Structures are given as C-alpha cells and as structure tokens.
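**Student:** dropping a prediction and its sequence here:
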Amino acid sequence: MNRAINFSAGPAVLPLEVLKKAQEEMIDYRGTGMSVMEMSHRSKEYEAIIGGAEQSLRKLMSIPANYKVLFVQGGASQQFAMVPLNLFSAAKKADYVLTGAWAKKAISEGKKFGTVKVVASSEDKNFSYIPKLTPEMFSADADYVHITTNNTIYGTLFYELPNTGKIPLVADMSSNILSQEYDISKFGLIYAGAQKNAGPAGVTIVIVREDLIGHALPITPTMMDYKVYADEGSMYNTPPCYSIYIAGLVFEWLLAKGGIAAMEKENKQKAALLYDFLDQSKMFKGTVEKISRSLMNIPFVTGNEELDNKFISEASKKGLKQLKGHRSVGGMRASIYNAMPREGVETLVAFMKEFEKANG
C-alpha cells in the first residue's frame, strides 16, 4: 500500500488504524450482518455507537456533567447562525474577535440576528497574529464573546483565552479540537466541524453548557435549536450515522494513544520540527508572528510564486500531497493534525532542505 503523506487542511488525514478498523467492519459491523451505513439509527447497535462516541469524547476532553455533547449536521458554517439564534437571549448583542476568514463569516451571520461588535482584529496584517485582548474590551451586556481558537487558513492560534468574566465564551474550535488540553469550564459553548481533527466531514461537535440551552429566538427553526438536539440525544432526525461512527473510532484511538495531553506534547514536537527549519532557512519563511503560530496549520512561502509552484509540484511527485497554500496567503501550507505522524513532517523538512539546496 502506497499511502500519500497528506497535508490537506480538511477533509484531512485520518489515523491509519481507524481506517483499517472501519475497513474491517465495513460490511459486517460486529456480527450484525450490516454496515453501520445500513442500520437503523434507532437500533440498539447504533445507540451504542453514538453513546460510546459521546462517552469517549467526554473522557478525552474532561467535559463537565453540566455540559451537553451534541452531534449536529451542517458544519461549522451552520453554527455561525445557530450560535446567535440560540444565545441571543437577552440583549441580542455579541462581541467577536476577527482573526480570519471563518471569523468574518461568523460575524456576517451574527449580524442577521442582532448587534455584533468586533472588539479586536488582525486584518491589518492579513491575519498573521492574534490581537491582544483585555477584559475591559468586552461589552458588559453582551450575550456572548466569540473567538476562533485556531485559524486554518492563516495559521494562528490563541495561546491565551480571553477573560470574559461572566459573559459566555464561544469558540469555533474546528481545526484544533482534540489537539491540546482546554479547561472546558472556561467556555459557554464550543463547536467544531469534524473533518480536520476528529473524523470525516458530515458531523459537527457542539459542547454547550446546559444553562445556555432553551432560550432560542422565536424565529429559530426546529433543526437549529440546541434544545431539540439535547432533548433527543442528537437524534431528532437521522444523524450523520457513519461520520459519528468514525469519529467514535478516532476518539478511541486518541484514548489508546494516551489522551489529549500526550497528543499535545507530540503536536508541539511535530510543529517545532518545521518551525525550526523555517527559522533558519534562507529560502522558506513562515508567514505568522512567532507568538501566534499554530500547532496545526503552518503556512510558508519562498517569496517567489514560480518557485512556490515548482516546490508544490515536485513535492507532490514525492508523495507529499495537498501543500498548496490558501489563496489569501499564497505559497504553501502544511496541516499537521493529530493523525499526521512525525515521520511525515520529517519527510517534508528533508525535502525542503533538498529543494533549497537544488534551487537556492
């Protein structure tokens, strides 16, 4: 088997062990004579799958008992609307931190349902840093404060969570959920599309404090009300069954690897391999301020578009795939999520050294 070294930003690389387990169970899931894709979501077998996935996630992230875990469809993009629809319960006001394209889209959706204030932005430097936040910046009557913990396109990471006091902190954690430890009690709500670090596209994880449920705006569609998902165990309608099943296997894989603490240590070591090379390279350079560098998404450039394209082409021939950067930044981007083995990053750095020597 000739597996590519896949640096895609999402849908992204999955653990090989998970893919093999899914392959083994594809046609006959544990003696049922059915694939998970074929069984009723109301069956005892599938109830065990979705229940097991939730319990594994709770254990991994140390999710307190007063938080609900929901499995929702529509991606993080649907959450851009679901969050204000459900949390605009008092002043219909929210504070947002603008740190990239996805935060900008979340702001645009929020404005449809209430008043949105952008309290800080890094747009002045093409989102290459995380702006400093202080408690007095936030509106005293805001219903929530929204951040994007890790910015996939621009490669920045919140290393310090803002102090929002009693105002619920909402986080789009799509591209770094499960990659580092967080104190869940510091958040009112976390949401994350699965297709970067938790599983295949199709399911979105929502972790929401119970007191924030049940206050949706009257205009909220049934399928966008968190209370409906909470009351029905995420099965008001047919959920994304197979995506949840694979996510559950990923959670089990993470637990077997030592949990999030072990994964965070490994992720820091993987990122350091690439950043250390970028810092000494005469050809390649990173695009993010050092204090804001993501552990998951690492954009870099040569400063010459023709050379960038040559690098991407030659890297692909070596089995190093999906390295083209987003058009907003250009150049290259290596997404090194949990499932990217350290050997993959070592192979990339070795090729970068080889390329620089041949083209410098």
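**Tutor:** Okay, I see it. Note that the structure is predicted; figures quoted are calculated from it, not measured.
**Student:** now do the helices in the stretch 151-300 of the chain.
**Tutor:** Here the stretch 151-300 of the chain has its helices, by DSSP state H, counting those that start in this stretch, at 226-231, 241-256, 259-280.
**Student:** could you dump those to a markdown table with mean neighbour count?
**Tutor:** Bear in mind the C-beta positions are built from the backbone N, C-alpha and C, glycine included. Shown next, in a markdown table, are those (neighbours: other CB atoms under 10 Å):
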| stretch | mean neighbour count |
| --- | --- |
| helix 226-231 | 19 |
| helix 241-256 | 22 |
| helix 259-280 | 16 |
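**Student:** possible to save those as TSV with mean pLDDT and distance to residue 290?
**Tutor:** Formatted as TSV, the helices of the stretch 151-300 of the chain follow (pLDDT from 0 to 100; distance: least, CB to CB, whole Å):
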stretch	mean pLDDT	distance to residue 290
helix 226-231	98	38
helix 241-256	98	28
helix 259-280	98	8
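**Student:** of all those helices, which lies closest to residue 304?
**Tutor:** Taking CB to CB, helix 259-280 is the member of those nearest to residue 304, at 15.8 Å.
**Student:** quick one: residues in contact with the closest one.
**Tutor:** By CB atoms under 8 Å, 6 or more residues apart in numbering, the list of residues contacting helix 259-280 from outside reads 60-61, 178-181, 254, 257, 284-286, 293-296, 298, 300, 334, 336, 338, 340, 342, 345-346, 348-349, 352-353.
**Student:** flag the shaky bits of the stretch 151-300 of the chain, pLDDT-wise.
**Tutor:** Applying pLDDT under 70 to the stretch 151-300 of the chain picks out no residues at all.
**Student:** break down it into its strands, ranges please.
**Tutor:** For the stretch 151-300 of the chain, the strands defined by DSSP state E, counting those that start in this stretch occupy 156-157, 169-172, 189-193, 204-209, 285-286, 297-301.
**Student:** with distance to residue 144 and mean neighbour count as extra columns, can I get those strands in TSV?
**Tutor:** Putting those into TSV (distance: least, CB to CB, whole Å; neighbours: other CB atoms under 10 Å) gives the following:
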stretch	distance to residue 144	mean neighbour count
strand 156-157	21	26
strand 169-172	5	25
strand 189-193	7	26
strand 204-209	11	23
strand 285-286	32	16
strand 297-301	25	25
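**Student:** export those strands to CSV and tack on distance to residue 89?
**Tutor:** Shown next, in CSV, are the strands of the stretch 151-300 of the chain (distance: least, CB to CB, whole Å):
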stretch, distance to residue 89
strand 156-157, 30
strand 169-172, 13
strand 189-193, 12
strand 204-209, 13
strand 285-286, 41
strand 297-301, 34
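**Student:** follow-up on the earlier one: what's the closest of the helices of the stretch 151-300 of the chain to residue 122?
**Tutor:** It is, among the helices of the stretch 151-300 of the chain and with distance given as CB to CB, helix 259-280, at 19.2 Å.
**Student:** how far does the closest one sit from its chain's centre?
**Tutor:** Relative to its chain's centre, helix 259-280 lies at 17 Å (CA atoms, centre = their mean, to the nearest Å).
**Student:** with stretch 149-158 instead?
**Tutor:** Mean C-alpha position of stretch 149-158 versus that of the full chain (CA atoms, centre = their mean) differs by 10 Å.
**Student:** can you tell me the distance between the two ends of it?
**Tutor:** Terminal residues of stretch 149-158 are spaced 5 Å apart (CA to CA, to the nearest Å).
**Student:** same thing with stretch 94-103?
**Tutor:** End-to-end span of stretch 94-103 (CA to CA): 13 Å.
**Student:** average pLDDT for it, rounded please.
**Tutor:** Stretch 94-103 shows a mean pLDDT of 98.
**Student:** now swap in stretch 332-352 and tell me
**Tutor:** For stretch 332-352, mean pLDDT rounds to 98.
**Student:** switch to numbering from 250
**Tutor:** Shifting the count to begin at 250 puts that one at stretch 581-601.
**Student:** pretty sure residue 266 contacts residue 503?
**Tutor:** No. Assessed by CB atoms under 8 Å, residue 266 is found out of contact with residue 503, at 10.9 Å.
**Student:** domain assignment for this structure?
**Tutor:** 266-505, 509-608 (automatic domain parsing).
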